[in-house]
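Q: Have a look; sequence and predicted model below, questions after that.
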Amino acid sequence: MNHYTNWAVRARIAEFLGVEATGSNPSAMFFTTANEETNEPSQALSFGDLSTSLQRNLEIFRSLWDRDSLLVDLSIEYVNFDFPTQPYIEFERTFLLQEPVKREIQNALLHHGIAPLHLLSGRGHHFLWRVRRTSDCFNRLTHLGRMPASLRDRYDQRTLPSGERIDHALGDAFIGLGRIIEYFAAEIKKRTAPALKLPIELSAIEVGPGECGREMISFDISQYADPLYERVTRAAYSRYLKTPGTFDAPADQAGLNPSPLFVVPLYEMNVSEALHVMRDPTEVISLASYAPAKIPDCSDATENLLNSYLASELAQFHRDFYAEESDPPERWPETYDRMDMSQLAPCTQCLLESPNDLLLRPSSLRRVVLTLLSLGWHPRHISGLIQSRFEHDFGKRNYWSRYDPAIRAEFFTRVFAGLVIAGYDDLVDFNCFSTQEQKICSQLNCEDNLERFRTSLLNRRAYARLARRPFHRLFLPGQHPELS
């Protein structure tokens, strides 16, 4: 059954794309599609291609790039590194495990006056709203954000067949938004982690085993690590095709529910009721007749969140982070390229010596960031080192033709360093045993121990001995209150 043939479903998808009136163009700059075979969004499509895409019964995504607004898309989802089909086998359990996080996000947004569009997807939740480009909040975000020169150059190029470009104000505002969402996600992690049955991280980071393999909740904020024109989000009332057939795990597919899945708004029903609706095309069509899919304007309320961020310890870390400049590429041969790696553990050395594909993984980036912080590196220079590895040794030039190594390195360094320095991360899993449990240790018969780096970093934090320049000469061993 192609539920897209229903007029209400088609109207809701158009509404989600930002169509205000019949015959008008959407505010979304483009949309993309996916099918069962690839499950990867296609190239950018114009609104005129929507009808054909719906006739083909494809999955629909909209761009985060919008003509009128800056869009916010908060996403939490269940991830299982050992059994990727698990969320589709135990659908209700997948969402029950996320319930405390979902509830805390709702309460925190309500506290700031933000009333988002709440969507249920195949493995979790999305909370969406927009900040008008004409609002005071947008203007403040443009002053908060700071694009690297390489990203600014990319935005100056033509990025769509129509010749549209991302202007500098929107690019800066997107970076600024990433900083306040980073703060919001860190606060949610701090409030929910102690009572959760699963670990929660700010991206899909390998964790230790639980009752069903290495399973975790990802509060995914990684969209701020990429150019705005690369990021999309699934449309309300779209089919959801990231289903078991897209995974290479045939042994795990016994007991899978063959029901189709759809992305639905959580409107006048609880999660349990929505889980039933999103597996029944007839119910989805009925829901579309009355449940809106418009992304709401929360510009003024977002200023409340911005003000909370500016008063936080994380904001102070961000100010310190950007107070330093990383070395420019012309200086890399005499700086980052000549770094002495003798003090690094073998598991960290290999990430920097052979970064292709290892250094793309958030867990690998985290290990590099924490290790170099423990040795006294300023996080801005850690970002510069990672960028240099991306650009020198990665060997994936096609990959970096789409993405930007500077903003990717800057974002993940800022996130992982900020969590530690602002007190959100006490490094309980930064040790060899946890690394082996997480299956991210590639060393055999290693005589080193990550515990020495953890001890040094916690001491640096306790005694405010974090570096202002790149060097790694000094451990700060010994006991302090955080380790006692």
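A: The structure has been received and is ready for your questions. Numbering: from 1, shown residues only.
Q: what's the spacing between the closest residue to Trp65 other than its chain neighbours and Glu230?
A: Excluding its sequence neighbours, the residue lying closest to Trp65 (Cβ to Cβ, 6 or more residues apart in numbering) is Met29, at 4.3 Å. (Glycine included, C-beta is placed from N, CA and C.) Per Cβ to Cβ, to the nearest Å, Met29 is found 12 Å from Glu230.
Q: For His392, give me the pLDDT.
A: With respect to pLDDT, His392 scores 84.
Q: what's the helix or strand for it?
A: helix 379-393 (DSSP states H and E).
Q: What are the buried residues along stretch 422-429?
A: The neighbour-count check on stretch 422-429 (16 or more other Cβ atoms under 10 Å) flags Ala422, Tyr424, Asp425, Leu427, Asp429 as buried.
Q: so which of the residues you listed would you say is closest to Tyr267?
A: Among the buried residues of stretch 422-429, Tyr424 lies closest to Tyr267 (Cβ to Cβ), at 32.9 Å.
Q: Helix, strand, or coil at the closest one?
A: Counting by DSSP: H, G, I helix; E, B strand; the rest coil, the backbone at Tyr424 sits in coil.
Q: ok, the nearest residue to it once chain neighbours are set aside to His318 distance?
A: Leaving aside its sequence neighbours, Tyr424 sits nearest to Ala186 (Cβ to Cβ, 6+ apart; 4.7 Å). Ala186 sits 12 Å away from His318, taking Cβ to Cβ as the criterion.
Q: residues shared between the contacts of those two?
A: Common neighbours of Ala186 and His318, counting by Cβ atoms under 8 Å, 6 or more residues apart in numbering, are Gly418.
Q: Counting neighbours, what do you get for Val368?
A: For Val368, the count of nearby residues is 25 (other Cβ atoms under 10 Å).
Q: pretty sure it contacts Leu351?
A: Yes: between Val368 and Leu351 a contact is recorded at 5.7 Å, counting by Cβ atoms under 8 Å.
Q: Need the residues touching each of those two.
A: Leu359.
Q: Where do the domain boundaries of this structure fall?
A: 3-303, 315-483 (automatic domain parsing).
Q: in the stretch 351-484 of the chain, which spans are helices?
A: Ranges of helices in the stretch 351-484 of the chain, per DSSP state H, counting those that start in this stretch, are 362-374, 379-393, 397-402, 405-421, 432-437, 451-462.
Q: Of all the ones you listed, which one is nearest Leu241?
A: When the helices of the stretch 351-484 of the chain are compared (using Cβ to Cβ), the closest one is helix 397-402, at 21.8 Å.
Q: contact partners of the closest one?
A: Against helix 397-402 from outside (Cβ under 8 Å, 6+ apart): Pro227, Glu230, Phe390, Glu391, Phe394.
Q: Take those residues and write them to CSV, including distance to Leu110 and neighbour count.
A: Below are the contacts of helix 397-402 laid out as CSV (distance: Cβ to Cβ, whole Å; neighbours: other Cβ atoms under 10 Å):
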residue, distance to Leu110, neighbour count
Pro227, 32, 21
Glu230, 31, 17
Phe390, 40, 22
Glu391, 43, 16
Phe394, 43, 16
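Q: tell me which of these is nearest to His126?
A: Using Cβ to Cβ, Glu230 is the member of those that sits closest to His126, with 17.7 Å.
Q: I'd assumed Ile407 was in contact with that closest one.
A: No: counting by Cβ under 8 Å, Glu230 does not reach Ile407; the two are 10.7 Å apart.
Q: quick one: buried residues of stretch 317-328?
A: Of the residues in stretch 317-328, those buried (16+ other Cβ under 10 Å) are Phe317, His318, Asp320, Phe321, Glu324, Ser326, Asp327.
Q: Among those, which one lies nearest to Val19?
A: Among the buried residues of stretch 317-328, His318 lies closest to Val19 (Cβ to Cβ), at 36.7 Å.
Q: In contact with that closest one, which residues?
A: Contacts of His318 by Cβ under 8 Å, 6+ apart are Arg179, Arg414, Gly418.
Q: Which of the residues you listed ranks first by neighbour count?
A: Neighbour-wise, these (other Cβ under 10 Å) top out at Gly418, 27 neighbours.
Q: The nearest residue to that one once chain neighbours are set aside: which element?
A: If the residues on either side of it in the chain are set aside, Gly418 comes closest to Phe317, at 5.0 Å by Cβ to Cβ, 6+ apart. Using DSSP H and E, Phe317 sits within helix 313-323.
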